[in-house]
Each structure stands twice: as structure tokens, then as C-alpha cells.
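Peer 1: Pasting the sequence and the predicted coordinates here, then a few questions.
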Amino acid sequence: MLYSKTTPEQKRLALRAALGSGKLQQFPGAFSPLSARLIQEKGFPGVYISGAVLANDLGLPDIGLTTLTEVATRAGQIARMTDLPCIVDADTGFGEPMNVARTVQELENAGLAGCHIEDQVNPKRCGHLDGKAVVGLDTATQRIRAAADARRDENFLIMARTDIRATDTGPAGLQAAAERARALVEAGADAIFPEAMGTLEEFQAIRDAVDVPVLANMTEFGKSRLFTAAELESAGINIVIYPVTLLRSAMGEAERTLDVIRLDGTQEPQVERMLTRSRLYELVDYEAYNRFDTGIFNFLVPGRR
Ligand SMILES: C[C@](O)(C(=O)O)[C@H](CC(=O)O)C(=O)O
Ligand SMILES: [Mg+2]
């Protein structure tokens, strides 16, 4: 009922333990607080909160238009509805290194378990598009150092994302990614998100370059093949995200339903594919509110009528 009783501190500890377990952790992307409940119910160990989903849901492209306030607010709404640790996409940290410091403190306040900060220039773009540019090593490491120094809970996870691989599609790009990953860990990153890796061998190369957890981004219609959990685990990957998968599924289904209503004049053929009323009520814990309400209106004071 209401919000999660698991504290942010407990969630951060759980995330640290999960990442150190040696088992691949699958984090689907929640597009809403309710979808985070579904992710928890299905037995996943954590929730990812995607910058692309946040922006797209507002009708905006994912090019750094969303603000820290918008991201922290929405991420906080999602985080408080689940007992699972949530990792949020903090893009480039919303400004200069000093802004990155504030970003981390706001995300801590919002109850997140961790965030990732990338080395793209502003305006940033989806990591799987062409023509990206990254900042120099100094700025990239300053962002991470500022983030690591700003946190007040040492277990808040600072993940560094590097987009440098795609700036040179040949072996030099991969070499640059491995070097940058090492430098970002040196600057204080607790985990590495190598963006737009093409093959399992590329993931393996980053894995070999650092001794912190490594993330794989299994976003659809991107540069990576959609590797299975077993494949990623065999490459030594610690955490995999499916960032936009649920939004794409939900919007795909919404589009099909709208077409049916237009064509058939009724949604009837789609009803059997929908979340039922009782399932929806289960997810919002309706029953618990009912008990609460009954209790309030039935209280007795001994000796009084
Ligand atoms: C992971 C990502 O940063 C996101 O915002 O979810 C995106 C996902 C996407 O656009 O498919 C990314 O840059 O890969
Ligand atoms: Mg993003």
C-alpha cells in the first residue's frame, strides 16, 4: 500500500550486492510507476529509468531537452513505488561538472539507487545513432569525479557511460572505449556502460579492460544484436537493461487497439489482450486500501457507543 517500505539506503545496498553476485542482473525499463510494480512482480532484481522514455513520453526527442527537475521528479515517482533498486539515466549530468554534483544529490534525494552519466557533448543524442561527439578526457573524468565526490551515501552507484566507441567504427574506436573506461573508473566510476557495442567480443574487450561491473544496453532497433542473457553472462556482463522495451510494447499495442476501434467501431477484439480490471487492481494493491478504509470506519472505543 502507498509507497515502498524499503528505504533508498537498503535499495542501494541491494544493488551493490546484486552487481557483486557474479550473476547477470536484468533491469527492464519502467515507463511509469505502475510498470515498475509489474517489473517487481515478475521477479526482476531492479528497474531501469530511461532518459529516452522520459523524453519520448513527454513527446520530445531524446536530445537533452528534459531538465534535472523533470527527470528527478519522474524517477522519484517510479522509485518510490517499488522495493527494487532503480538506476536512472542522467544523460550528461545536466551541465557542467558542478551541475553534475547537484544532479547526483537530487537523485539521491529522489530515492534512486544509482545513475549513469555519459561523455557525450550537448546536445546529446541516442547512443545508437550516428554522428555522435564526445567530450575530451578531462571533461569526461571531471564529470565522474564531481559525481562521486557529491554523493552522501557511498553506496549510491555512479555509473560512467562512454559513447566514444561509435566515434570510430574501426578497432581504434574499441581501443578508445577500453582506455576511456579505465580512465573513468580511475576517476571514481563504480560501473561502466559501454554504449553501442556491436558484438559480444566488443563487450568482452571492455570487460577485460576494467574490474568494475559492466552494463549491456539491449535496446531494440540499435547497433547491438539483441544478445540473450546467457550470451551476455558468458561475456562477463553484470547488468543488462531493456530501456525502451516496455514503452515500445505498450505503445505498439495502443496503436493496434486504436486501429481496431477505428476499423471495427469497437475495442471488443482487443479486450482479451488487455490487462484486466482485477489485474490492474492487484498491481495498485486495491485490497489493502479497502482493508484500511474498513478499519478506519469500524473502530471501537471500549465502553463507548
Ligand atoms: C539507454 C538510452 O540512453 C535511454 O535513454 O534509454 C538510449 C536508448 C535508446 O534510445 O534506444 C540510448 O542512448 O541507447
Ligand atoms: Mg539515454
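Peer 2: That came through, no problem. Numbering: from 1, shown residues only. Ligands and ions are numbered 1, 2, ... in the order given.

Peer 1: Need the phi and psi values for the most centrally placed residue in the chain.
Peer 2: Closest to where the C-alpha atoms of the chain average out (CA atoms, centre = their mean) is residue 48, at 2.2 Å. With angles defined as degrees, to the nearest 10, residue 48 sits at phi -100, psi 140.

Peer 1: who's in contact with the worst-scoring helix or strand of the chain on mean pLDDT?
Peer 2: The least trusted helix or strand in the chain, going by mean pLDDT, DSSP states H and E, turns out to be helix 286-297, with a mean of 79. With contact meaning CB atoms under 8 Å, 6 or more residues apart in numbering, helix 286-297 is reached by 1, 281. From N, CA and C alone the C-beta is placed, and that goes for glycine too.

Peer 1: With only the CA atoms kept, save it in CSV.
Peer 2: Only the C-alpha atoms of helix 286-297 are listed here, as CSV (Å, rounded to 0.1, in the frame of the first residue of the first chain):
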residue,chain,number,x,y,z
TYR,A,286,-6.5,-2.1,-4.1
GLU,A,287,-7.4,-4.7,-1.5
ALA,A,288,-5.0,-3.2,1.1
TYR,A,289,-6.7,0.3,0.8
ASN,A,290,-10.1,-1.4,1.2
ARG,A,291,-9.0,-3.0,4.4
PHE,A,292,-7.6,0.3,5.6
ASP,A,293,-10.8,2.1,4.9
THR,A,294,-12.9,-0.6,6.6
GLY,A,295,-10.7,-0.4,9.6
ILE,A,296,-11.0,3.3,9.9
PHE,A,297,-14.7,3.3,9.8
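
Peer 1: Next, the buried residues of that helix.
Peer 2: Along helix 286-297, no position meets the burial threshold by neighbour count (16 or more other CB atoms under 10 Å).

Peer 1: mind checking how far it is from the chain centre?
Peer 2: 33 Å (CA atoms, centre = their mean, to the nearest Å).

Peer 1: domain ranges for this protein?
Peer 2: Domain ranges of the chain: 8-246, 251-295, per the TED database.

Peer 1: Single out the most deeply packed of those domains.
Peer 2: Most buried of those by mean neighbour count (mean count of other CB atoms under 10 Å) is domain 8-246; its value is a mean of 20.

Peer 1: so how far does it reach from one end to the other?
Peer 2: End-to-end distance of domain 8-246 (CA to CA, to the nearest Å): 24 Å.

Peer 1: touching ligand 1 at all, that domain?
Peer 2: Yes: interface with ligand 1: domain 8-246 contributes 50-52, 62, 89, 126-128, 217, 219, 222, 243-244 (CB under 6 Å from any ligand atom).

Peer 1: That domain vs ligand 2: in contact?
Peer 2: Yes: for domain 8-246 and ligand 2, the contact criterion (CB under 5 Å from the ion) is met by 51-52, 89.

Peer 1: for the closest residue to residue 186 other than its chain neighbours, what are its contacts?
Peer 2: What sits nearest to residue 186 in space, not counting adjacent residues and going by CB to CB, 6 or more residues apart in numbering, is residue 141, at 7.4 Å. Applying CB under 8 Å, 6+ apart to residue 141 gives the contacts 183-184, 186-187.

Peer 1: Show residues contacting stretch 234-243.
Peer 2: For stretch 234-243, contacts defined as CB under 8 Å, 6+ apart pick out 18-19, 24-29, 46, 48, 50, 52-53, 87, 89, 191, 200, 203-204, 207, 213-219, 227, 229, 232.

Peer 1: No further questions, thank you.
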